[in-house]
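S.K.: the sequence and its predicted three-dimensional model are supplied below.
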Amino acid sequence: MSVQTPDSVLDRLWEPFEAQSGSRRSLLLMSPLILFEVLIFVVPFAMLIRISFSEQSRNLPYAEGTFTVASYIEVFQSELLQGIITYSFKLGIIATVLAVVLATFYAYATWRADGLLKSALLFSIVLPLLTTLVIKTYAWVPLLAPNGTANNLLLAVGLLSSPVQVVPNTLGVVVGQVYIVFPYAMLAIYSVLSTVEWELVEAARDLGAGRARSFFEVVLPEIMPGVTVATIISFAWSVGAYSAPALLGAGSDRPFALEVQEQMLLNFNWPIATALSTVMLVLMFVSIVLIYVVLGRFGGDISDAA
Amino acid sequence: MRLEPDRLGIAAFRLGYAAIFVAMLLPLFIVIVTSFSASGNLQFPPQGFSLKWYGEFFADIQWLRAFDNSFIVGIGTTVLATFMGITAAFGLEARQGRLGELVTPVVILPLLIPPVILGVTLLVYFSALGLQSSYIGIILAHSLWATPLVFFVMQSVFQRFDWQLRDAGMDLGANPIRVFIHVILPNVKNGIVVSALLAFIISLQEFVMALFLSNFQTQTIPVLAWGSLRQSLTPTVSVVSTFLILISVGGLIVAALAMNLDFVAKRLG
């Protein structure tokens, strides 16, 4: 019996692939991921859409094999559902604007910093990014509650005469949501910004441009692809916000994610939950294309940023 | 007097980013401190310090099971996502073609879909397959998010690899699998460690999809934390949060040592 060396095993392993062409081989390498995306992403979504066209059922999640557009009519006619959609979009727009403006500023500061300061600024972004949504939202409760740290501090200093109700409140939802999307926005901008050469800004300054002008006319056009990605990510995530409104919001703060969850898990009304999801996805997709086109006019080529 | 407003500007700039720095880390810091609170409320600064909430945590079978569940799901996700992400990134690097242009957007897309919608979609799908509330279902869901991350980290690692080394190996008569193990792997192993670590952390921390796809038996730590938060605010949740934060800090330190923080940060964006 001959002893096989590890390398001869590798040679054996290669034999079945020997005859394949190079492109077939790379297709083979990509096939697990492609198969996964089809089975766990594409097919489930086809099913979601199919169920949204099913009839509601009294004792089952949905009536199998039926076809109706009743759930869509309900989504478009019900004032409650319209209010929920409007709320989601409002939250999406406000949180996105705040997050992207602050993120651009912070990315710029990180870009200009070096050594330990740069590492500290990056750490302050990556750590919250890798912390669960649950903690990120919950962490604001002891800070912002009526008897929380911020209120107590401001009362003690005399800046407030009575506690401000931030949590639970819409203001708390916005704070929490900006906190959640900020790291993603910042890193999207930072990864583009770090390829920009500082000499360009110096040249502009030598030619007499001020800080603000050199930023808006030299830096901003260069980082527009990053800003576009940041806007799209922040928007998609904030429209779909779930944890911040649920934990930091008042009862009237109802985004579609909470409604979908309730219809799905409490009311077992799958047609309405899936129809609302589909409508939101379409509206979001249209908005994202719109953001892409509008921001693209200012020099955003998304392929540079991804 | 041209200097004065300039100095003021610099001061405002520093104050601005210092404020954001504090706002990013302060909430997490407060959570950690409240886990050592002596009383049952979440006051900061706490009135006294004790380890009693840590004792409660370790005595609670429910939390310990959730810890096991998170670990099972995390390992499963890491293995699956790392395998798919590495093979796909490697295949893409070997051939820049039409297919590659198609793979990238499809891999990004799940990251842009609100997790609640992904949760609903997969719940519908897994219910039909009889996989609802199973570990496999949650692992597959988490892989939707972890795989793109591995894919992008590995893509840029492979791009920095000197492909002439591979050609040299092939010229010397080694077959591609041998070349991969002896030439490519030693050069990209840090990237693999980092992406596997990130995949694990992503899975450990995800909760909206897990909320839809788990039950009492299979719930992960964030899901259980969410459930108990909605009932009452006790420092036990701070204890759990402290562990989750520390695991991320530990993972980040390892990742930063292997690849440097700047690289890791850029790939996450």
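M.R.: Right, received. Where do you want to start?
S.K.: find the residue closest to the residue in the stretch 51-200 of chain B that chain A sits nearest to in space, skipping its chain neighbours.
M.R.: Taking CB to the nearest CB, chain A has its nearest neighbour within the stretch 51-200 of chain B at B:Pro114, 2.2 Å off. C-beta here means a position set from N, CA and C on the backbone, and glycine is covered the same way. Spatially, and ignoring its direct neighbours in sequence, B:Pro114 is nearest to A:Gly240 (2.2 Å; CB to CB, 6 or more residues apart in numbering or on different chains).
S.K.: gap between the residue positioned nearest the centre of chain B and A:Arg213?
M.R.: Centroid check for chain B by CA atoms, centre = their mean gives B:Ile202 as the closest residue, at 2.3 Å. From B:Ile202 over to A:Arg213 the distance is 41 Å, taken as CB to CB, to the nearest Å.
S.K.: contacting residues for the residue most central in space within chain A?
M.R.: Nearest residue to the geometric centre of chain A (CA atoms, centre = their mean): A:Trp237, 3.3 Å. Listed by CB atoms under 8 Å, 6 or more residues apart in numbering or on different chains, the contact set of A:Trp237 reads A:180-181, A:184, B:114.
S.K.: what helix or strand does it sit in?
M.R.: helix A:220-239 (DSSP states H and E).
S.K.: list the residues that contact residue 160.
M.R.: The chain I'm using is chain A. A:151, A:154.
S.K.: my question was about chain B
M.R.: Applying CB under 8 Å, 6+ apart, no residues contact B:Arg160.
S.K.: and for B:Ser228?
M.R.: B:234, B:236-237.
S.K.: most neighbours among the residues you listed, which one is it?
M.R.: Within the contacts of B:Ser228, most neighbours by other CB atoms under 10 Å in any protein chain shown means B:Val237, with 25 neighbours.
S.K.: and that one, that one's in a helix?
M.R.: Yes: counting by DSSP: H, G, I helix; E, B strand; the rest coil, B:Val237 falls inside a helix.
S.K.: surely it meets B:Trp226?
M.R.: No: taking CB atoms under 8 Å as the definition, B:Val237 is not a contact partner of B:Trp226, at 9.2 Å.
S.K.: how about the nearest residue to the residue nearest to the centre of chain B, chain neighbours excluded?
M.R.: That would be B:Ala146: by CB to CB, 6+ apart, it lies 4.8 Å from B:Ile202.
S.K.: any figure for the gap between that neighbour and B:Val107?
M.R.: 11 Å.
S.K.: again, but for A:Val69
M.R.: For A:Val69, the distance to B:Val107 equals 33 Å [CB to CB].
S.K.: higher neighbour count, those two?
M.R.: B:Val107 (26 against 11).
S.K.: from memory the more buried one sits against B:Met154, does it?
M.R.: No: using CB under 8 Å, B:Val107 makes no contact with B:Met154, being 11.7 Å away.
S.K.: burial of B:Leu42, as a residue count?
M.R.: Counted with other CB under 10 Å, B:Leu42 comes out at 24.
S.K.: that one sits in which helix or strand?
M.R.: If you go by DSSP H and E, B:Leu42 is not part of any helix or strand.
S.K.: so who does it touch?
M.R.: When contacts are counted by CB under 8 Å, 6+ apart, B:Leu42 touches A:141-142, B:34, B:233-235, B:238.
S.K.: turn those residues into JSON lines, columns for distance to B:Gly119, secondary structure and pLDDT.
M.R.: JSON lines is the format used below for these (distance: CB to CB, whole Å; DSSP: H, G, I helix; E, B strand; the rest coil; pLDDT from 0 to 100):
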{"residue": "A:Val141", "distance to B:Gly119": "24", "secondary structure": "helix", "pLDDT": "87"}
{"residue": "A:Pro142", "distance to B:Gly119": "28", "secondary structure": "helix", "pLDDT": "83"}
{"residue": "B:Thr34", "distance to B:Gly119": "29", "secondary structure": "helix", "pLDDT": "88"}
{"residue": "B:Leu233", "distance to B:Gly119": "25", "secondary structure": "coil", "pLDDT": "75"}
{"residue": "B:Thr234", "distance to B:Gly119": "27", "secondary structure": "coil", "pLDDT": "78"}
{"residue": "B:Pro235", "distance to B:Gly119": "29", "secondary structure": "helix", "pLDDT": "84"}
{"residue": "B:Ser238", "distance to B:Gly119": "26", "secondary structure": "helix", "pLDDT": "89"}
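S.K.: quick check, pLDDT for residue 83.
M.R.: Let's take chain A. Here, the pLDDT recorded for A:Gly83 equals 92.
S.K.: the intended chain is chain B.
M.R.: The predicted local confidence for B:Phe83 is 96.
S.K.: any residue of stretch A:143-154 up close to chain B?
M.R.: Yes: Stretch A:143-154 reaches chain B (CB under 8 Å from any CB of the partner chain) through A:143, A:147-149.
S.K.: in chain B, which spans are helices?
M.R.: B:3-34, B:52-59, B:61-94, B:98-112, B:115-129, B:135-160, B:163-171, B:176-179, B:185-205, B:208-213, B:221-231, B:235-259, B:261-268 (DSSP state H).
S.K.: please identify the most buried of those helices.
M.R.: Across the helices of chain B, averaging neighbours per residue (mean count of other CB atoms under 10 Å in any protein chain shown) puts helix B:208-213 on top, at a mean of 26.
S.K.: just the mean pLDDT for that helix, thanks.
M.R.: Helix B:208-213 comes out at a mean pLDDT of 94.
S.K.: quick one, phi psi at the closest residue to chain B within the stretch 101-250 of chain A?
M.R.: With CB to the nearest CB, the shortest gap between the stretch 101-250 of chain A and chain B falls at A:Gly240, namely 2.2 Å. With angles defined as degrees, to the nearest 10, A:Gly240 shows backbone torsions of phi -90, psi 10.
S.K.: correct me, but it touches B:Ile117?
M.R.: Yes: counting by CB under 8 Å, A:Gly240 does reach B:Ile117; the two are 6.7 Å apart.
S.K.: what is in contact with these two at once?
M.R.: With CB under 8 Å, 6+ apart, A:Gly240 and B:Ile117 have common neighbours A:Met280.
S.K.: how confident was the prediction at the residue of the stretch 101-250 of chain A closest to chain B?
M.R.: For A:Gly240, the model assigns a pLDDT of 93.
S.K.: who's in contact with it?
M.R.: Listed by CB under 8 Å, 6+ apart, the contact partners of A:Gly240 are A:88, A:255-257, A:280, A:284, B:113-117.
S.K.: and which of the residues of stretch A:143-154 next to chain B is nearest to B:Ser214?
M.R.: A:Leu143 (29.2 Å; CB to CB).
S.K.: ok, that closest one - how many residues close by?
M.R.: Using other CB under 10 Å, A:Leu143 has 22 neighbouring residues.
S.K.: doesn't it lie inside a helix?
M.R.: Yes: under three-state DSSP, A:Leu143 falls within a helix.
S.K.: my guess is it contacts B:Phe29. True?
M.R.: No: counting by CB under 8 Å, A:Leu143 stays clear of B:Phe29, with 10.1 Å between them.
S.K.: which parts of the stretch 201-306 of chain A sit against chain B?
M.R.: Residues of the stretch 201-306 of chain A lying near chain B (CB under 8 Å from any CB): A:211, A:226, A:229, A:232-233, A:236-237, A:239-243, A:246-247, A:257, A:260-261, A:264-265, A:270, A:273-274, A:277, A:280-281, A:284, A:288, A:306.
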